[in-house]
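>>> got a predicted structure here, sequence first:
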Amino acid sequence: DRSAVNYNLIGDKSNVIDGHAPTDGKLVPVGLSFTEAANPAAGVYSSVADMSKWVQAQLKSGKYGENLEKQLFSERQHREMWTPQTLTGTGKGDYNTHFKAYGLGWFLSDVNGYLE
């Protein structure tokens, strides 16, 4: 109940943090980094408590609830979310990365040859 799919749908913005990025060796606020066009893929604004529920569902392949008795998405859909859909780059990168891709809502890459 503390999440929205668009920045403009957040009622009380008094407890909202701006995005940050490294600049000249320091982490600095950069404000909103997505436009309205990105909302379908990246427009989720959420509290830590709400986002942790999403992370738990991801770790359990869509299952949630006290005894994991509910399922938001199937195992097959979970695998598809984490399957590269669009390649976004190559090169060693900071973590000996061999590929970079976009899944369904996730940026994917490897670290030293292992999918992370």
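Received the coordinates, thanks. Worth saying up front: this structure is predicted, and the values here are computed from it rather than measured.

>>> in this structure His98 contacts Thr90, no?
Yes. When contacts are counted by C-beta atoms under 8 Å, His98 is listed as touching Thr90 (7.1 Å). (Each C-beta comes from the backbone N, C-alpha and C, glycine too.)

>>> quick one: which of these two has more around it?
The neighbour count for His98 versus Thr90, taken as other C-beta atoms under 10 Å, is higher for His98 (15 against 12).

>>> so what's the closest residue in space to that one that isn't next to it in sequence bridging to?
Spatially, and ignoring its direct neighbours in sequence, His98 is nearest to Asp110 (5.4 Å; C-beta to C-beta, 6 or more residues apart in numbering). Asp110 forms beta bridges with Leu115, as assigned by DSSP bridges.

>>> ok, now Thr86?
Listed beta-bridge partners, Thr86: Tyr102 (assigned using DSSP bridges).

>>> now it: how far from Phe73?
Per C-beta to C-beta, to the nearest Å, Thr86 is found 20 Å from Phe73.

>>> which one of the two is surrounded by more residues?
Phe73 (14 against 9).

>>> for the more buried one, which three-state class applies?
The three-state label given to Phe73 by DSSP: H, G, I helix; E, B strand; the rest coil is coil.

>>> equivalent analysis for the one 5 residues further on, please.
In terms of secondary structure, His78 is helix; the call rests on three-state DSSP.

>>> same question, Gln58
helix.

>>> circling back to that earlier point, my read: the residue nearest to His98 touches Gly93, true?
No. In this structure Asp110 lies outside contact range of Gly93 using C-beta under 8 Å: 9.3 Å.

>>> could I get the full set of helices for the chain?
Counting by DSSP state H, the segments of the chain that form helices are 39-42, 48-59, 75-81.

>>> quick check: the residue nearest to Asn112 when sequence neighbours are not counted vs Leu115, distance?
The spatial neighbour of Asn112 that comes closest, neighbours along the chain excluded (C-beta to C-beta, 6+ apart), is Asn96 at 4.7 Å. According to C-beta to C-beta, Asn96 and Leu115 sit 13 Å apart.
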